[in-house]
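[1] My questions are about this predicted structure, shown below with the sequence.
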Amino acid sequence: MAQVAENIDLAQMDIDSTIHAFTPLAEHEEVGPTIITSANGIYITDSKGDTYIDAMAALFCVNAGYGRSEIADAIAEQAHKFAYFHTFAGSAHEQQIRLSDRLLDLLPKTMSKIHYASSGSEANDANVKMAWMYQGFRGKPNKRKIIGRDMGYHGVTGIAANLSGLPLMHEPFGLPLPGFLHTTKPHFFWGAQAGETERDYSKRLAGDLEALIEKEDPDTVCAFIAEPVMGAAACVTPPEGYFEEIQKVLKKHDVLFIADEVITGFGRLGTWFACEKYQLQPDLMTLSKGITSAYVPLSASVISDEVWQVLRDGSRNIPMFSHGHTASGHPIACAAANANLDLIEREDLVGNAARVGAYFKAQLNERLGDHPLMGEIRGEGLLLATELVANKETKEELNLEWDCSHRLFDLCLEEKLITRGFFGHNSSSFSPALSITTGEVDEIITRFGRGLDKLADGLVREGLWRPAA
């Protein structure tokens, strides 16, 4: 048996052995990891003994908060009962059956069936494959192209990375592959023309989508995928009428709508799902993250009854539905999800997200809205972001080469606050646990405000920026 090296510190062991997601590879060898040792509520503690407020719920996902023994106990109980059996060939177990039943009670009434995987990326891959399958069974095999949006994020797997509209995720891998297209992102603050209303802007963007579909030929376009609120684009919310206008175009051209609710699902916006908030009528939905509060990996692809009817009837001519993963519908993951949903319901975390989220946004505006760097405060529920500008009146953009987003992230870390910085933006976002209190929100804004002041002082000191007179 290999002996564990005890004379090498954990940081060096990590450098020597691990490739980290979305981390500069060479830089990590020099800087090393931040090692997390414990967490509770909205707080995490690292191996140096420093405790931080995690204002991001990790990656928009620890909805119930850290340290919830109810979820841990459910995981342990299921592991002791039986830790695993697959769901291939019609095999099932009680946790998976009950989870599917209760999810369909929470989801839009048009949704019909659920397929499980372990990540949002895998669920998006499944949804694209089922969309292709649907079009093929309808006698429309040429409807293959998928349209995402610039700056959209839908995962990193072989299909999902193409759906995402982030050059950072495409260029190193030679993506996107043919058949994956992108249309305009709906950021009214930066994208609107002079005098244009939100409704007019939405109609213009729907026109952009329609022009793309018509250019490609509607008989070749399978589906359109969108996050109701764009997470990796720094919490960009849809302008008034956006999805109403977009869905008209999709219906007109017989294009499926995939709603990626990986971030927005399970209470994040103050409703169970964004479909409710924005009156969405998707053909397929993608769920993950908040389904278990990320205590264990789980995701779900959800299809409407209309799609299900076509798949069911068409499948009579093929041997089987030949898609799935070893961990599809994993018993421990489903047990965690059921316990997590119990918590969300019992503690009304969806309602808390709505109430405290409104307070959070109002306090950001009241306390930081007049800051000379502050351009926009946006978001819904507990999914919020700030956009920094060089000049509030003219909306002059800060030079992206200054990387103010990540500079502010680092300055907030000095204040023991975890926010999120973005490449290609001057934005910071907040996505705390849905259990957060107004007092904890106040402390987040205090720490963020100190970081913002440090950023302003640094830009002035370096001669890069001066506040407008």
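    In hand now; what should we look at?
[2] Tell me, what's the model's pLDDT at the nearest residue to residue 411 once chain neighbours are set aside?
    What sits nearest to residue 411 in space, not counting adjacent residues and going by CB to CB, 6 or more residues apart in numbering, is residue 451, at 4.0 Å. C-beta here means a position set from N, CA and C on the backbone, and glycine is covered the same way. Residue 451 is assigned a predicted lDDT (pLDDT) of 98.
[3] what's residue 451 in contact with, if anything?
    Going by CB atoms under 8 Å, 6 or more residues apart in numbering, residue 451 touches 408, 411-412, 414-415, 417, 419.
[4] show me where the stretch 1-150 of the chain has strands.
    36-40, 43-46, 51-54, 111-117, 145-149 (DSSP state E, counting those that start in this stretch).
[5] Show me which parts of the third one are buried, residue by residue.
    Within strand 51-54, the residues that qualify as buried by neighbour count (16 or more other CB atoms under 10 Å) are 52-54.
[6] Same check on stretch 297-313?
    For stretch 297-313, by 16+ other CB under 10 Å, it's 297-304, 307, 310-311.
[7] In CSV, list the C-alpha atoms belonging to that stretch.
    C-alpha atoms of stretch 297-313 as CSV (Å, rounded to 0.1, in the frame of the first residue of the first chain):
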residue,chain,number,x,y,z
PRO,A,297,-23.7,16.6,-7.2
LEU,A,298,-27.0,16.3,-8.9
SER,A,299,-28.7,17.8,-12.0
ALA,A,300,-31.9,17.3,-13.9
SER,A,301,-33.1,17.6,-17.5
VAL,A,302,-36.8,18.3,-17.6
ILE,A,303,-39.0,18.0,-20.7
SER,A,304,-42.5,19.2,-21.4
ASP,A,305,-45.3,16.9,-22.1
GLU,A,306,-45.3,17.9,-25.7
VAL,A,307,-41.7,16.9,-26.1
TRP,A,308,-42.3,13.7,-24.0
GLN,A,309,-45.2,12.6,-26.3
VAL,A,310,-43.0,12.8,-29.4
LEU,A,311,-40.0,11.0,-27.7
ARG,A,312,-42.2,8.3,-26.3
ASP,A,313,-44.0,7.6,-29.6
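[8] Show the average pLDDT along it.
    Stretch 297-313 comes out at a mean pLDDT of 98.
[9] How many residues are close by residue 170?
    17 (other CB atoms under 10 Å).
[10] repeat for residue 360
    Residue 360: 26 neighbours (other CB under 10 Å).
[11] For it, which residues are in contact?
    Contacts of residue 360 by CB under 8 Å, 6+ apart are 382, 384, 430, 441, 444-445.
[12] change it to 7 Å
    The contact partners of residue 360, by CB atoms under 7 Å, 6 or more residues apart in numbering, come to 382, 384, 441.
[13] can I assume the first one is in contact with residue 434?
    Yes: between residue 382 and residue 434 there is a contact under CB atoms under 7 Å: 6.0 Å.
[14] Need the residues touching each of the two.
    Joint contacts of residue 382 and residue 434 (CB under 7 Å, 6+ apart) are residue 353.
[15] Any idea which residue is closest to the centre of the chain?
    Per CA atoms, centre = their mean, the C-alpha nearest to the average position across the chain is that of residue 263, at 3.4 Å.
[16] is it true that residue 282 touches residue 255?
    No: if you go by CB under 7 Å, residue 282 and residue 255 don't touch, sitting 11.9 Å apart.
[17] that older thread, relative to residue 423, how far out is the residue nearest to residue 411?
    19 Å (CB to CB, to the nearest Å).
[18] so what's residue 216 closest to, chain neighbours aside?
    residue 145 (5.8 Å).
[19] Equivalent analysis for residue 330, please.
    Closest to residue 330 by CB to CB, 6+ apart is residue 84, at 6.5 Å.
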